[in-house]
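Colleague: Whatever this is, show me its structure:
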Amino acid sequence: MHLQAQEGLMSTFRTGWRSRSAVAYGLSLLLFAFYISMYFGGQYGLPDLWQPLAEAVGLRSKWFVYGLVYTVWMLIGAAWYLRQHGNSRYNQARIGVNVAVQVVLGFTLPFVMPLFGGTEYYFSYFWPLKYDYLYPHTMWSLPWYLALYGVVMAVFTAPLAAVFFGKRWYCSWVCGCGGLANTFGDPWRHLTSSSTASWRFEKYAIHAVLGLAVVSTGVIAMHQMGMGEGTLLVPIAQQTKIWYGFVVGSILSGVIGTAVYPVLGPRIWCRNFCPMAALLGMSQKLGRFRIRVKKDMCISCGNCTTYCEMGIDVRAYAQRNQSFTRSSCVGCGMCAHVCPRGVLRLENGAWEQAEDKQLQGLSIIDY
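Modeller: The predicted structure is shown next:
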């Protein structure tokens, strides 16, 4: 079984640091402490531990310390993941791209570009995930080609690619948040809830954050272009920028999004709060990507549902012989990988409405 990379549910849940034991909660607290000290050190009376360290080792800011730690975590996680599931070429390619994108686009280029007179820029993050990249002040401060790149990727390329290839092209292959979840977070993927309550929370929360990202970007853009001077727009825009950055940019994506890996699974941010995931999920529902189910082959073992890091009850679809498209699916392929009978297949099919929506009589855009 191990050679097939199917660890077995008993082994997974017996391991203390992977089963919400005291050790798991201890790991979570350590991650909380790290993120709070990183994000809020030097504020609210907390000591700044990381900026002096960054300066001592010749880095421009503490965020490059964080980027280095983040990259090391991904490398260790990638080694773990490939040891467990590396007999699949899809897994090998996906994790290889994750690591390469983080090393080159997420750490090296942003560090090296200013050394040669360029601008620090993160090529693998787009609006609305990198929410300030469409702010007028941000675009005016960038070289024209970087500003154009940010607009084209956010408005055209990313959603269009999700139509043709599903959101997996970004969420499972390119995004740094997803890359950390794929690698460092893999040991806890089975802890993701597949309950109806968690699904209901997810569909409202993630679209609420997307709506907030759109509205806040619009308000801040109007303010930065000089509109609404002398009106309530100015203080509203200023407070919106502060609070969106604090709640979404720091607390949800950073502190909570990563620190809860050992107790709630690795995709809490991606599943419930990421505006980029919400945007690409809507494109995915309109597109060609789906998980195909081979009929009358499911033995209801439950591996697919247990190892789905997005909390999708894949087994329920397989039991009904029902191919499906879900907005939340990031196309990691683990459901197909751990299926002992090869019932599931990720594919970019013909232009047809997903069967799960046809059977339920719901609009294709419905979550």
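
Colleague: Sketch out the low-pLDDT regions of this protein for me.
Modeller: Within the chain, the stretches with pLDDT under 70 are 1-14, 350-367.

Colleague: ranges for the strands of it?
Modeller: Under the criterion DSSP state E, strands of the chain are mapped to 289-293, 344-348.

Colleague: How about the contacts made by Val72?
Modeller: Going by CB atoms under 8 Å, 6 or more residues apart in numbering, Val72 touches no other residue. No exception for glycine: its C-beta is placed from N, CA and C like everyone else's.

Colleague: let's see 10 Å
Modeller: Val72 makes contacts with Phe184, as judged by CB atoms under 10 Å, 6 or more residues apart in numbering.

Colleague: Equivalent analysis for Tyr317, please.
Modeller: Contact analysis of Tyr317 by CB under 10 Å, 6+ apart lists 291, 293, 298, 304-305, 323-324, 326, 335, 343-344, 355-356.

Colleague: What's the local residue count around the residue nearest to Phe289 when sequence neighbours are not counted?
Modeller: Excluding its sequence neighbours, the residue lying closest to Phe289 (CB to CB, 6 or more residues apart in numbering) is Gly166, at 2.8 Å. Other residues within reach of Gly166, judged by other CB atoms under 10 Å, total 28.

Colleague: again, but for Gly349
Modeller: The number of residues packed near Gly349 is 15, by other CB under 10 Å.

Colleague: likewise Val152?
Modeller: Residues within reach of Val152, counting by other CB under 10 Å, total 12.

Colleague: that older thread, most packed of the strands of the chain?
Modeller: strand 289-293 (a mean of 22; mean count of other CB atoms under 10 Å).

Colleague: quick one, that strand and strand 344-348 angle?
Modeller: Angle of strand 289-293 versus strand 344-348, following axes from the mean of the first three to the mean of the last three CA atoms, to 10 degrees, is 150 degrees.

Colleague: if we can go back for a sec, ok, which of the strands of the chain comes nearest Cys177?
Modeller: For Cys177, the closest of those is strand 289-293, at 19.8 Å, according to CB to CB.

Colleague: Quick one: list the elements packing against that closest one.
Modeller: Helices and strands touching strand 289-293, by 3 or more CB pairs under 10 Å, 6 or more residues apart in numbering; DSSP states H and E, are helix 158-165, helix 314-319, helix 334-338, strand 344-348, helix 355-360.

Colleague: quick one: it to chain centroid distance?
Modeller: In terms of CA atoms, centre = their mean, to the nearest Å, the centre of strand 289-293 is set 21 Å apart from its chain centre.

Colleague: now could you export just the CA positions of that strand as CSV?
Modeller: Only the C-alpha atoms of strand 289-293 are listed here, as CSV (Å, rounded to 0.1, in the frame of the first residue of the first chain):
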residue,chain,number,x,y,z
PHE,A,289,-12.4,21.2,-16.1
ARG,A,290,-14.2,18.4,-14.2
ILE,A,291,-13.6,15.2,-12.3
ARG,A,292,-14.8,12.3,-14.3
VAL,A,293,-16.3,9.3,-12.4
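
Colleague: Around the closest residue in space to Ser195 that isn't next to it in sequence, count how many other residues there are.
Modeller: Leaving aside its chain neighbours, Ser195 sits nearest to Gly311 (7.8 Å; criterion: CB to CB, 6+ apart). Residues within reach of Gly311, counting by other CB under 10 Å, total 20.

Colleague: likewise Val215?
Modeller: So Val215, with other CB under 10 Å, has 12 neighbours.

Colleague: Cool, thanks, signing off.
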